[in-house]
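Q: sequence unknown, structure follows:
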DNA sequence: GTTATGGGAG
DNA sequence: CTCCCATAAC
């Protein structure tokens, strides 16, 4: 079973890239973030033709998540139960006996801002969400753009980026506390290399110089993690005609 | 010798269409209007690669003209000599012994507006320009988007469009007075059919219903007109991925 | 840089 | 419907 996370930076602007990549890569599950499309405008037809099921939660201009799958989806829910008016950043579904939580964690703007507080709190709420709804012994995947590079090895220049909202001790701690419930970093199970990134700023020619960040993750509970056979970042979509600033991360499971 | 006029409605937005069409059609001269690009941003590299020379006069957002050619250009001049601060609507060059005046005549907004006065006056100044600089016995081409359909046969519904700035007796008269100096309508020399248009409004599905206007013209002085062998409108670019609202008009000369 | 928006223009 | 712009977010 092949599961992917990909921040598409507008699903409609990236439609050709996403469809081409789906067709070539044939993942079982594709979790996308920053779809930037309202539900009413979601391009369902294109994915019907591609033979994928979909669940989505979007809003105008910003955020938005969508999960595509070959197999049937069930028990779909979006956002946190207590906060129906939240931004479109979380969608849960069950596919093939696995709970898949697709999340677009707030970026946080600056460490002094309210948005950063919102980010830290969002992680906290997500931690409570897992505790309340699942057990670490369940097959659960937490997937998406976390807007956090967990360790110095996960950014191109830890010294220069020190204190950035996506490489900030408090953000790292907030993420770690969610992890502590029972998640394993599937990528780091398979690869301990430096220089492995999923995001490059559009500016500065950062992709060509590999000035990147590892912000997109596939986390699995123990029963799933022990069945993972591979995890890798696919940089091909970043070389497409209209690349996103993120690139897909792929995990494979014996499931 | 193949000469073309094409209002591209943004040269940069239409770059792929224009390059593809150039490569397929191989005209000797291509006059474009509404390039909507400042000279500093002109996409010279793409046309260098395509093997075309270019002369251009542009401005931000609106108007702009560019003439492309396989052969060498000389004696380039833009605008009217007396009005250096005019909009970028006229560029003259000489190619292969022919004077080529590429013009984007003001649209005129509404018959009551100052812009319509400007349009009528622009034709008048152009008439004086020809009188002052050339003889009707010279090989001169006046080419471009004139924003005038000269006769009822040149619009899809003369009754409904009566009084429109592009089908207005005063605009038609102003254009006719420039013609009277010594120009022949090369298209009408070869084709007297109705329903032959070069412009369709993006709205209303007008292209599919052929609700068009013949606004783009290739006019020639006698020595050139008598050597014209064909003149036709090529609707293929209007079927491209990103069509302009205009389509090219092509003239061929034994020259 | 690249996406989005809304307003102005045709 | 398709451009342009300015602004905002990342």
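A: Now that the structure is in, tell me what you want to look at. Predicted, not measured: the structure shown is a model, and the values here were computed from it. Residues are numbered from 1 along each chain as shown, chains lettered A, B, ... in the order given.
Q: Who does residue A:142 form a beta bridge with?
A: Applying DSSP bridges to residue A:142 gives these bridge partners: residue A:101, residue A:219.
Q: these two touch, right, it and residue A:224?
A: No: the pair residue A:142 and residue A:224 does not pass the contact test of Cβ atoms under 8 Å, sitting 10.4 Å apart. Placement of C-beta: from N, CA and C, glycine included.
Q: Now that residue A:191 has come up, it's in contact with residue A:231, right?
A: Yes: here residue A:191 reaches residue A:231: they are 6.7 Å apart, a contact under Cβ under 8 Å.
Q: Looking at the two, which is more packed in?
A: residue A:231 (21 against 14; other Cβ atoms under 10 Å in any protein chain shown).
Q: got the residues of chain A near DNA strand D?
A: Within chain A, the positions adjacent to DNA strand D are A:62, A:106, A:107, A:109, A:115, A:202 by Cβ under 7 Å from any atom of the strand.
Q: Pull up the gap between the third one and DNA strand C, please.
A: From residue A:107 over to DNA strand C the distance is 12 Å, taken as Cβ to the nearest atom of the strand, to the nearest Å.
Q: where does chain A have low pLDDT?
A: Within chain A, no stretch has pLDDT under 70.
Q: All the helices of it, residue numbers only.
A: Assigned by DSSP state H, chain A shows helices spanning A:15-25, A:44-50, A:114-133, A:158-161, A:169-179, A:186-190, A:222-225.
Q: If you count neighbours, what's buried in the fourth one?
A: The one in question is helix A:158-161. residue A:161 (16 or more other Cβ atoms under 10 Å in any protein chain shown).
Q: same check, this time on the longest one
A: Taking 16+ other Cβ under 10 Å as the neighbour-count basis, helix A:114-133 is seen to contain the buried residues A:116, A:119, A:120, A:122, A:123, A:125, A:126, A:127, A:129, A:130.
Q: Closest residue of chain A to DNA strand C?
A: Nearest residue of chain A to DNA strand C: residue A:10, at 3.2 Å (Cβ to the nearest atom of the strand).
Q: Distance of the spatially closest residue to residue A:244 that is not a sequence neighbour relative to residue B:202?
A: Counting by Cβ to Cβ, 6 or more residues apart in numbering or on different chains, residue A:9 is the residue found nearest to residue A:244 once chain neighbours are left out, at 4.3 Å. Noted for residue A:9: a distance of 28 Å to residue B:202, by Cβ to Cβ, to the nearest Å.
Q: ok, now residue A:179?
A: In terms of Cβ to Cβ, residue A:179 sits 52 Å off from residue B:202.
Q: Please apply the same query to residue A:97.
A: Counting by Cβ to Cβ, the separation of residue A:97 from residue B:202 is 50 Å.
Q: Now the residue most central in space within chain A. Nearest residue, chain neighbours left out?
A: Closest to where the C-alpha atoms of chain A average out (Cα atoms, centre = their mean) is residue A:144, at 1.1 Å. Among residues not flanking residue A:144 along the chain, residue A:103 sits closest, at 3.9 Å (Cβ to Cβ, 6+ apart).
Q: wouldn't that neighbour be in contact with residue A:148 here?
A: No: if you go by Cβ under 8 Å, residue A:103 and residue A:148 don't touch, sitting 11.4 Å apart.
Q: what number of residues lie near residue A:177?
A: 14.
Q: give the contact list for the nearest residue to it once chain neighbours are set aside.
A: Of all residues not flanking residue A:177 in the chain, residue A:127 sits nearest, at 5.7 Å (Cβ to Cβ, 6+ apart). Counting by Cβ atoms under 8 Å, 6 or more residues apart in numbering or on different chains, residue A:127 makes contact with A:177, A:178, A:181.
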